Every structure is written in C-alpha cells, then in structure tokens.
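# Okay, structure incoming, though there's no sequence with it:
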C-alpha cells in the first residue's frame, strides 16, 4: 500500500519526458538504442493517474475555487472523475468525466433567507451542516454515486471537499491516498485568532470583548463538530458504507491538505508539511540573485 501511495502522489506531478530525450543528443548506435529504452521506461511510468474528486456542495463559490485545479489535472494527462454541482462542460478537457449533481441546488433554496433572519450566531453553523448532510443523503442515492460506492472503478488518488469528510472513505474503498480540499480554514483549529469565517460576527482587529466572544464561539463550534456533526457522519458511514471507521480516523489518515487561502488576505499562518496553500499563484522557479556591477550590491 505504501508503494502505491507514493507512486500515486508522484503521478500528479508533471513529468518532462522531452528533457530526458534530449539528454541523449542526436547520435546513433548504442546511445540511440539506450535512449529509446529509457524513453519507453519514462513513458510507461509517467502515465496519468486515475483521480476521483468529490466536490458535491451546491454553492457556486465552492466550485469555481477549484476549476483551475480540475482543468490542470486534466490537461496534464490525468484521468479525472469529478462529482460536482457545476460541471464545466469544457470540450478541451478530454480526460475529465463530470458527474452532475446540480439538481441538489433545489435543497438550498431559502437557506440564505433563513440564515439572514436567525437571531444569533450559535445555531447557524449547525443549521448549515444539517443542510449539507441532507444534500449528501440525496446525492448518495444517485446511480453514478452508487457505482462508485460499490467500488466500480480503479482510482489512484481521491480528493474530497472538506464539507463531506465522511467521503474520505473512498480512499479505503480504492486503497489509495486521499487529499482534503478546503475553502479557507474552516474546521481547522489552527489558532484562536479567527479571521472572518462563515457565521463569524467580527472583523479584525478585535478588542478584548470580541476576542473573548471569539474564544467562546470557537469552543462552541468544536463542541458542535465533535459531539453533534461527527456522530451524524459516523452514522452515515455505518449506514451507507457498512464500516465502523470514524470521520476523525479518516481525517487523521489524510495524506495532504489543499487549503484555498491567500496569506495576503487571510493572514500569514504556520502550516505542517502536509498542508499546501493553493489560493494564489506559486512560482517553482528559484529567484536569480543579481548584483550591481558598479558597487556590487544586490539588486
């Protein structure tokens, strides 16, 4: 399992076969034969991964945030099966198979007006997650979802939207690594310095009273998640997947976390090695140090 896990994670990275080919030059004979053999090995080992991505939340912002991720995975040769409520329907993405769950937007009708008329912030979090679970119960009964649940497929990697952590179970079904994709930093107890998350009533900078309320609100959310929402999700796992594995166990076993944050907007934070921020452009090319020819100072 460890070998497959490492191989699947490496397959997501782009392989420069052309660079390997050019290393042998244009000479003939033994070098050319060796070059062809190595290229064949490279070509066979760099085949695209079969990826299952599950992002079934019927909220447009939760879909568009990851459009570029799905596009790049498909364009780089990976076979991507995506459960989504907003299919891109892009004919250029030949390797992308989209399972349309757009009909579950009907469940979301009226949710915004209900939230806007709530008199306090304490039950908003729980209300939203109850709606999320209702949406899941509708989606899990769809034929395409059932096929995946029954293990009809071969996947090397599973990506799951954070609002449905119980679906990390697909990593167990297909015996492959899992990646949790998260909008901003909700449900991650990184720090008590909360930054304007959903249902959160304050904007930084916070005074003492607002910080005190923030701590109480944070602890209330932890209680709601651990003692109300997770047991509900555990029941779903037992009902639909016939397993005693808990959501907490699935989350602990996640191999990577993709976090849709931007430090310029959400604040700079310290993350572990398995957490990658994808909310902004990242350059993988090292900066070249340049010196002023006159005085030798760095430019």
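Sure, I can see it. Owing to the predicted nature of the structure, the values given are computational and were not obtained by experimental measurement.

# Kindly state the beta-bridge partners for the closest residue to residue 73 other than its chain neighbours.
Excluding the flanking residues, the one nearest residue 73 by CB to CB, 6 or more residues apart in numbering is residue 80, at 5.1 Å. Glycine gets a C-beta too; all of them are placed from N, C-alpha and C. For residue 80, the beta-bridge partners are residue 51, residue 96 (DSSP bridges).

# What residues does residue 80 make contact with?
Each residue near residue 80 by CB atoms under 8 Å, 6 or more residues apart in numbering is listed here: 51, 53, 70, 73-74, 95-97.

# my read: residue 55 touches residue 64, true?
No: in this structure, residue 55 is not within contact of residue 64 by CB atoms under 8 Å, at 10.7 Å.

# neighbour count winner among those two?
residue 55 (25 against 11; other CB atoms under 10 Å).

# Who does that one form a beta bridge with?
Under the criterion used here (DSSP bridges), residue 55 is bridged to residue 84.

# Now for it: which residues touch it?
Counted by CB under 8 Å, 6+ apart, residue 55 has contacts 62-63, 66, 82-85, 159-161, 181.

# how much space between it and residue 268?
The span separating residue 55 from residue 268 equals 27 Å under the rule CB to CB, to the nearest Å.

# cool, and residue 93?
Counting by CB to CB - residue 93 and residue 268 are separated by 34 Å.

# can you pull out the strands in the stretch 101-250 of the chain?
Using DSSP state E, counting those that start in this stretch, the strands of the stretch 101-250 of the chain run over residues 157-161, 178-183.

# With neighbour numbers in mind, choose between residue 93 and residue 268.
Neighbour tally, residue 93 and residue 268, criterion other CB under 10 Å: the higher count belongs to residue 93, 17 against 7.

# in which helix or strand would I find that one?
Secondary structure from DSSP states H and E places residue 93 outside every helix and strand.

# who's in contact with the residue lying closest to it once chain neighbours are set aside?
Once flanking residues are discounted, residue 93 sits nearest to residue 74: 4.2 Å by CB to CB, 6+ apart. Going by CB under 8 Å, 6+ apart, residue 74 touches 80, 93-96.

# do residue 66 as well
55, 181, 260.

# Kindly recompute the last result at 10 Å.
Neighbouring residues of residue 66 by CB atoms under 10 Å, 6 or more residues apart in numbering: 53, 55, 73, 82, 84, 159, 161, 181, 183, 258, 260, 278.
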